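*Asks:* When you get a sec, could you give me coordinates for this:
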Amino acid sequence: MSKHGKVLVAMSGGIDSTVAAMMLHQQGYEVIGITMKTWDYANSGGSTKETGCCSLDSINDARQVAVHMGFHHFIIDIRDEFGDYVIDNFVDEYLAGRTPNPCVLCNTHIKWNALLKRADALDCAFIATGHYARIRELDGRRYISRPADSKKDQSYVLWGLSQECLHRSRFPLGEYTKPEVRQMAADWGYAELSKKAESYEICFVPDNDYRGFLKRRVDGLEEQLAGGNFVNSRGEVIGKHQGYPFYTVGQRKGLGVAFGQPMFVTEIRPETNTVVLGTEDELVRNGMTVGGINLMKYASLPHEGLEAITKIRYKDNGAYSRIFQQGEKVQVEFLANVKGIAPGQSAVFYEGDDVLGGGIIHGSVRDRQN
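*Replies:* This next block holds a predicted model:
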């Protein structure tokens with residue numbers, strides 16, 4: 001009989017999920033490991049070999065750890081549900097002129113749902129992953145908080161988790177730094193695992209060439225869209241581009257045209273295959289609208305709004321803001337100007353280290369007074 005009950009641990013074969021499983025095993029949980037096959041890279045036509053969480057080597061690494069530690073391990077194939085939702089959304093968003101964040105969608109709609117479904121089937125009270133984040137509670141509500149290791153903070157990609165997911169989730173690594181996790185792996189006899197390189201690419205675009213992925217995924221895309229116009233803020237044509245889906249708001253490099261001064265993508269207009277370019281100052285915005293909201297720490301925001309730090313991308317430090325709930329959307333008013341707000345990306349709101357919630361950026365404004 002286990003001390004704390006049964007927990008289903010998502011094991012990718014990497015150091016973080018492996019150490020998370022070992023920690024829970026030592027703490028007295030009855031651990032069951034599960035590895036999810038989300039993507040078959042051979043089908044993508046990329047130029048590099050299969051790597052990361054979906055590779056055969058990673059699956060074998062996860063299984064070997066489970067065998068060594070003496071707990072059950074299962075492999076589940078969720079490629080169909082992953083592809084239908086995450087990859088189709090990825091393509092559709094770029095074709096709509098937006099910049100998607102597939103890791104957030106995968107966590108929210110695929111991985112946690114798959115974990116909960118299998119946890120129920122295996123009579124597991126809890127699920128666990130190797131994410132660097134903490135779960136806290138206030139007035140019966142669970143919410144994500146930043147981890148001890150600020151350099152590994154993954155709270156941004158977890159904003160979409162429901163209260164049910166949060167009440168059943170465990171993040172064993174939240175109180176530890178990456179060097180401490182590596183040392184634990186080495187101390188437990190997994191010296192090679194402790195040196196294993198990490199992957200930061202999108203799992204189905206491991207060569208980091210999302211433009212190539214789109215071209216392979218959508219027949220004739222490049223031919224249909226090549227030759228569209230670059231225009232400036234006055235609507236004047238200043239060059240030709242390769243197709244609007246191949247650009248993102250805030251992009252400076254890879255435009256393919258020399259302008260004599262740094263120029264940035266400030267807007268994408270898919271209906272006319274137009275990409276608007278401007279100076280860095282023209283990237284500045286002081287407000288935005290966010291939809292698809294999931295609130296965590298509080299069930300709703302106060303009528304007068306709430307001060308928060310708002311992050312507009314994963315590696316963003318965040319900006320001081322005031323957020324107002326307007327039905328199913330949140331209006332964000334930045335207290336200082338922000339550059340490069342890209343529709344389709346996630347906006348995540350923080351109160352100190354705590355995640356208030358998040359959503360998908362719908363659009364931005366340059367001057368709230370107009």
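
*Asks:* make it CA atoms for all contacts and neighbour counts henceforth
*Replies:* Noted.

*Asks:* low pLDDT regions in the stretch 201-350 of the chain?
*Replies:* 201 (pLDDT under 70).

*Asks:* how about a cut-off of 80?
*Replies:* The model of the stretch 201-350 of the chain has pLDDT under 80 over residues 201, 206.

*Asks:* As a check, name the ranges of all strands in the stretch 101-250 of the chain.
*Replies:* With DSSP state E, counting those that start in this stretch, the ranges of strands along the stretch 101-250 of the chain come out as 126-128, 134-138, 141-145, 169-170, 228-231, 237-241.

*Asks:* now for the shortest one, which elements pack on it?
*Replies:* Strand 169-170 makes packing contacts with strand 126-128 when contacts are defined by 3 or more Cα pairs under 8 Å, 6 or more residues apart in numbering; DSSP states H and E.

*Asks:* Name every strand pairing with the strand it packs on and say which way it goes.
*Replies:* strand 6-10 (parallel), strand 169-170 (parallel) (DSSP bridges).

*Asks:* Tell me which of the strands of the stretch 101-250 of the chain sits nearest to G160.
*Replies:* Proximity to G160 (Cα to Cα) singles out strand 141-145 among those, at 10.0 Å.

*Asks:* re the thing from before, which one of the strands paired with strand 126-128 has the most crowded surroundings?
*Replies:* The highest mean neighbour count among the strands paired with strand 126-128, using mean count of other Cα atoms under 10 Å, belongs to strand 6-10: a mean of 26.

*Asks:* For that strand, what does the pLDDT average out to?
*Replies:* Average pLDDT, strand 6-10: 96.

*Asks:* chain center to it, what's the gap?
*Replies:* Here strand 6-10 is found 22 Å from its chain centre; the criterion is Cα atoms, centre = their mean, to the nearest Å.

*Asks:* Mind listing residues that contact it?
*Replies:* For strand 6-10, contacts defined as Cα atoms under 8 Å, 6 or more residues apart in numbering pick out 17, 20-21, 29-36, 115, 119, 123-130.

*Asks:* Buried ones among those?
*Replies:* 17, 20-21, 29-36, 115, 119, 124-130 (16 or more other Cα atoms under 10 Å).

*Asks:* one step back: how about the strands of the stretch 101-250 of the chain in TSV, adding distance to V65?
*Replies:* Formatted as TSV, the strands of the stretch 101-250 of the chain follow (distance: least, Cα to Cα, whole Å):
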stretch	distance to V65
strand 126-128	16
strand 134-138	24
strand 141-145	28
strand 169-170	19
strand 228-231	52
strand 237-241	49
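
*Asks:* out of those strands, which comes closest to W188?
*Replies:* When these are compared by Cα to Cα, strand 126-128 sits nearest W188, at 19.8 Å.

*Asks:* Can you give the contact residues for stretch 167-178?
*Replies:* Outside stretch 167-178, the residues touching it (Cα under 8 Å, 6+ apart) are 16, 20, 23-24, 125-135, 142, 146-149, 152, 181.

*Asks:* what do you get for stretch 71-84?
*Replies:* For stretch 71-84, the external contacting residues (Cα under 8 Å, 6+ apart) are 30-40, 59, 63, 66-67, 106, 110, 114.

*Asks:* Helices of this structure, start to end?
*Replies:* 15-27, 56-69, 79-82, 88-95, 102-105, 112-121, 163-168, 178-187, 191-194, 210-217, 221-225 (DSSP state H).
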